[in-house]
Each structure stands twice: as structure tokens, then as C-alpha cells.
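Engineer: The following comprises the amino acid sequence and a computationally predicted model.
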2 protein chains.
Amino acid sequence: MAKKSFPLSRVYRLLEPGPVVLLTTAHKGRANVMTMSWHTMIEFEPPLVGCVVSDRNHSFGMLKATRECVINIPTVDIAAQVVGCGNTSGRRVDKFERFGLTPAPAASVAAPLIDECYASLECKVVDAKLVNKYCFFILEVLKAWIDASSKDPRTLHHRGRGAFMVAGRTIKLPSKKL
Amino acid sequence: MAKKSFPLSRVYRLLEPGPVVLLTTAHKGRANVMTMSWHTMIEFEPPLVGCVVSDRNHSFGMLKATRECVINIPTVDIAAQVVGCGNTSGRRVDKFERFGLTPAPAASVAAPLIDECYASLECKVVDAKLVNKYCFFILEVLKAWIDASSKDPRTLHHRGRGAFMVAGRTIKLPSKKL
């Protein structure tokens, strides 16, 4: 998917709707992917994102050790792969190979972008104060990429136990604010 | 709207899809409402929710002082009111009156439920360590309510500058996990 650079000041518009994302990490020459829904914007610019990566996930140790990751945003086209990544562990499986996902080099971190995702956010950990208690990481987005042709991405929104709401139509209301 | 009690173990299913919510607070006999999109689940049970309430919002001081609030989840039926609450300040306006929202008493906190919302979560602040730096509060959900008839709520998901994605269809995929 041909991606172009996306302004950091607009990153909140990608994450604020609450899509399921694929978090990639890389450590000692191996990359991993995990499916994640527990994330929130924390600041507009530089964009800060808070997220929970459970210490039961293989990605937890990789994120803690490298302090780098990429948040990739998939659409319904790869829903089966998204669920597959959530149901397997990177301890035993190379998920890129298993699910036919294509890693692409990032500009500022070692973790890869996922080519099949319409947007990718390169991140570093900037605050780990709540990691021990809640597995909650605060990330700064260093660089953002988007599929130039995407307008109304059919993102996935997890409703529990394998049920996903697929993004519907967009309405516009007069707003004075961001 | 007739609401019934909703199991705390399932609260994540309401917030994980990333809907815009209306946060209510009450202090010194006055209640307020703010529109909020920056929230995430942090733990399943007891359900913990992290959220950003900016210190530019009137609700910030009320939440900090009382350590209580209700997270109400609106649907597209009241989209105009949701945006209205986001565009006005509780310093000057009684938003319940202005936007025709109906406060209803909560069971365990002083902040009111909003009758027009399909779900309401009564919360208390359990961790304020990141409030000074990021205006980030960690809440525990004490009691949850849901409209018994709601199945596929048409929640709102903010895409920035008054654009809202309206929840679309739900698909089901085989998942081994929560």
C-alpha cells in the first residue's frame, strides 16, 4: 500500500474513533504483532498515546526492552488476520508469515510498518510510570504514515468475544473545537 | 429510558469500541456535562477506565474535588446535544437545561446519569498520579446501567472537527479470547 507522510497534528483523528490496532515491535532480529484495543490519545502535539500491553503478551517484554513500536490501523479487509494475531502468541509463531502480513521498514524505529494497514504510527515510549501497576505505556508518535487514497476507512471496533463493529457512515456537525 | 443493571465484567464491551461519551460531575449542588473521546479500558474487573479531562474544562475541577463522575454513552439520536455540550462551558451554562438532557439519580455517586444515553457507568477516581502531568484520571466503575432494549447502539466516534463516524454493522469472527 503506497503511504505518504501524515501531519502529526492530525494523528488524533486516526485514533480518537477507537479502532482496533496492530502493534508491532522488534527485538533481537525478530518482529512481532499484537492486536490491541485499549488505547487513548493523551495529547495533541506532539501526539501522545496511552495504551495497555498486558504482561501476558509476548509484545510486553519487547516493548519494555526496546521502548519502540509501531501502531498500525487495519480495516475490515484484513479482519481475519487481525483476529488471528489476537489468538496466537509471538512466542511460538511468526505472525507476519502465518497471516501473510508484510513488514516494511519504518523511518525512525526498528519495529516494522504493516504494509496491509492503511495507517501506521511510529512511536517511542516516553513514560513508563504506570507500567508496573497497570501495564500502561505512554507513547510519543514520532512519524505518521497514511494510505493516500483512504478517505472513510472501514476500521474495526471490538465489542468483545470476536464481535466487531465496522465503521459506518460519517456525519458532520458544526463544531467550534477540535 | 428504562435502564437495567449491567454486569461489571462486561463493561469493556461498551467502551472498547471507542464511543464518544458524556461525562457528568456534580459539586456543590450543580451538575455538569462534558463531551469526551479520550478514554481507554485499563482493567476488566473491577473495570478500570483511564481518561483525559483537560484542565481547561470546567469538569476538571469538579472531578478533582469530588473524585466521582458518571460516563454516559450517547447514540446518534442525540448527536446535536453531544456536540453542543462539547462547544459550551459549564462555567456559564447549565447544559442539562440548555440541551434538554434529563439528569437521573445514580446509585453510588452524586453525579447524575443522563436519561437520554443508552448506557451509564458510575465511577470513582482511584488513581490520580498522572493528573498533574497529563490530566489523566484512572476511574473504577462501581455500577453500570444499560437500556434493556439496546442491541446495536449507533454510537458516535469522533474523527475531528465535528466529523463523527456512526457505528456500522457488527461482524462476528471466531475468537479464542475476550
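Structural biologist: Yep, that arrived.

Engineer: ok, now which ones touch whatever residue of chain A ends up closest to chain B?
Structural biologist: Residue of chain A nearest chain B, by Cβ to the nearest Cβ: residue A:18 (1.1 Å). (Each C-beta comes from the backbone N, C-alpha and C, glycine too.) Residue A:18 sits next to A:37, A:157, B:16, B:17, B:18, B:19, B:37, B:157 when contact means Cβ atoms under 8 Å, 6 or more residues apart in numbering or on different chains.

Engineer: pretty sure the fourth one belongs to a helix, no?
Structural biologist: No. The secondary structure assignment for residue B:17 gives coil rather than a helix, going by DSSP: H, G, I helix; E, B strand; the rest coil.

Engineer: Buried residues of stretch A:167-178, list them for me.
Structural biologist: A:167, A:168, A:173, A:175 (16 or more other Cβ atoms under 10 Å in any protein chain shown).

Engineer: Correct me if wrong: the third one contacts residue B:80.
Structural biologist: Translated: residue A:173. Yes. With contact defined as Cβ atoms under 8 Å, residue A:173 counts as touching residue B:80 (6.6 Å).

Engineer: For the nearest residue to the residue of chain A closest to chain B once chain neighbours are set aside, what are phi and psi?
Structural biologist: Spatially, and ignoring its direct neighbours in sequence, residue A:18 is nearest to residue B:18 (1.1 Å; Cβ to Cβ, 6 or more residues apart in numbering or on different chains). With angles defined as degrees, to the nearest 10, residue B:18 sits at phi 90, psi 30.

Engineer: Quick check: bridge partners of the nearest residue to residue A:152 once chain neighbours are set aside?
Structural biologist: Nearest residue to residue A:152 in three dimensions, chain neighbours excluded: residue A:170, at 5.9 Å (Cβ to Cβ, 6+ apart). Counting by DSSP bridges, residue A:170 forms beta bridges with residue B:165.

Engineer: Tell me the pLDDT of residue A:170.
Structural biologist: With respect to pLDDT, residue A:170 has a value of 97.

Engineer: Kindly report the same for residue A:178.
Structural biologist: For residue A:178, pLDDT reads 61.

Engineer: Spatially central residue in chain A, please.
Structural biologist: residue A:71 (2.4 Å; Cα atoms, centre = their mean).

Engineer: helix or strand for that residue, which one?
Structural biologist: strand A:68-73 (DSSP states H and E).

Engineer: Now residue A:163: phi and psi?
Structural biologist: Torsion angles, degrees, to the nearest 10, at residue A:163: phi -90, psi 130.

Engineer: I figured it hits residue B:172, correct?
Structural biologist: Yes. Counting by Cβ under 8 Å, residue B:172 is a contact partner of residue A:163 at 5.2 Å.

Engineer: and the strand holding residue A:71, average pLDDT?
Structural biologist: 98.

Engineer: top strand in chain A by residue count?
Structural biologist: strand A:136-147 (DSSP state E).

Engineer: can that strand be found next to chain B?
Structural biologist: Yes. Judged by Cβ under 8 Å from any Cβ of the partner chain, strand A:136-147 and chain B are in contact via A:136, A:138.

Engineer: now the angle from that strand to strand B:136-147?
Structural biologist: If you take axes from the mean of the first three to the mean of the last three Cα atoms, to 10 degrees, strand A:136-147 sits at 80 degrees to strand B:136-147.

Engineer: As PDB, could you dump the C-alpha coordinates of the helix or strand just after strand A:136-147?
Structural biologist: Proceeding N to C from strand A:136-147, the next assigned helix or strand is strand A:156-160, under DSSP H and E. Output of strand A:156-160 as PDB, limited to C-alpha atoms (Å, rounded to 0.1, in the frame of the first residue of the first chain):
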ATOM      1  CA  LEU A 156     -12.800  -2.400  13.200                       C
ATOM      2  CA  HIS A 157     -14.100  -1.700  16.800                       C
ATOM      3  CA  HIS A 158     -14.000  -4.500  19.200                       C
ATOM      4  CA  ARG A 159     -17.300  -5.300  21.100                       C
ATOM      5  CA  GLY A 160     -15.900  -8.400  22.900                       C
END
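
Engineer: Am I right that the residue nearest to residue A:152 is in contact with residue A:153?
Structural biologist: No. Residue A:170 lies out of contact with residue A:153 (Cβ under 8 Å); the separation is 10.3 Å.

Engineer: overlap in contacts of these two?
Structural biologist: With Cβ under 8 Å, 6+ apart, residue A:170 and residue A:153 have no common neighbours.

Engineer: low pLDDT regions in chain A?
Structural biologist: For chain A, applying pLDDT under 70 flags the ranges A:177-178.

Engineer: which stretches of it form helices?
Structural biologist: Assigned by DSSP state H, the helices in chain A fall at A:12-15, A:58-66, A:79-87, A:95-99, A:131-134.

Engineer: Select, out of the ones you listed, the one closest to residue B:108.
Structural biologist: Nearest to residue B:108 among these is helix A:131-134 (22.8 Å), distances taken as Cβ to Cβ.

Engineer: Tell me if the closest one is near chain B.
Structural biologist: Yes. Counting by Cβ under 8 Å from any Cβ, chain B has neighbours in helix A:131-134: A:133, A:134.

Engineer: and that helix, how far out from the chain's middle?
Structural biologist: The chain centre lies 20 Å from the centre of helix A:131-134; the measure is Cα atoms, centre = their mean, to the nearest Å.

Engineer: List the buried residues for that helix?
Structural biologist: For helix A:131-134, the neighbour count (16+ other Cβ under 10 Å) marks A:131, A:134 as buried.
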